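> A predicted structure for the sequence below; I have some questions about it.
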Amino acid sequence: MVSSLAFQLFTVLAQDAADGGKSAISSLILIPVMIVMIYFLVIRPQQKEEKKRKEMIASLAKGDSVVTSSGIHGKIIEFRDNNETVVLNISKDTNVTFNSSSIVKKK
C-alpha cells in the first residue's frame, strides 16, 4: 500500500517535471507531504509496537507463561544478569535460558 502510494506520488512529480514551470512548486509541496505520510504510515506504528513490546518485557515476572521468538512456550522460573536473560521451564525437568528480548508474547 505504501509503496504503491509512493509510486503514484513519484509519477505525479515526473509529470510535473515534464510540464515545466510549476514543477518546482509542486515538488516542494509533494516531497514534505510524502515524508509526513511515510512517517504516519510506517515509522510511527513501528515505534508504538516496539514500545508495547518493551513494556511487556519489563512487566514479566516469575511464573508468567510466555512464547519466545522461536515459538517455544514455557513458564518463567528465574531471571539472571539484571533481567537480561530468563530461564524458562518448557517441560518437566527441562529448563532453557533465553535472552529476555527473545520473548514476544505473554500468555
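Great, that's in hand.
> Which helix or strand contains the residue nearest in space to the middle of the chain?
By CA atoms, centre = their mean, the chain has its centre lying nearest to Gln46, at 3.8 Å. Gln46 is part of helix 44-58 when elements are defined by DSSP states H and E.
> Packing partners of that helix?
Applying 3 or more CB pairs under 8 Å, 6 or more residues apart in numbering; DSSP states H and E, one finds that helix 44-58 contacts strand 103-106. From N, CA and C alone the C-beta is placed, and that goes for glycine too.
> can you list contacts of the strand it packs on?
Strand 103-106 has contacts (CB atoms under 8 Å, 6 or more residues apart in numbering) with 53, 56-57, 59-60, 64-69, 86.
> ok, that strand: who's next to it in the sheet?
Note on strand 103-106: by DSSP bridges, its sheet partners are strand 65-68 (antiparallel).
> list the buried ones in stretch 64-81?
Buried positions in stretch 64-81, judged by neighbour count with 16 or more other CB atoms under 10 Å: 64, 66-68, 74, 76.
> could I get these as CSV with distance to Ile25 and pLDDT?
As requested, the buried residues of stretch 64-81 are arranged in CSV below (distance: CB to CB, whole Å; pLDDT from 0 to 100):
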residue, distance to Ile25, pLDDT
Asp64, 57, 93
Val66, 54, 95
Val67, 52, 95
Thr68, 53, 94
Gly74, 60, 95
Ile76, 59, 95
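> Greatest separation within those residues: which pair is it?
Asp64 and Thr68 (12.5 Å; CB to CB).
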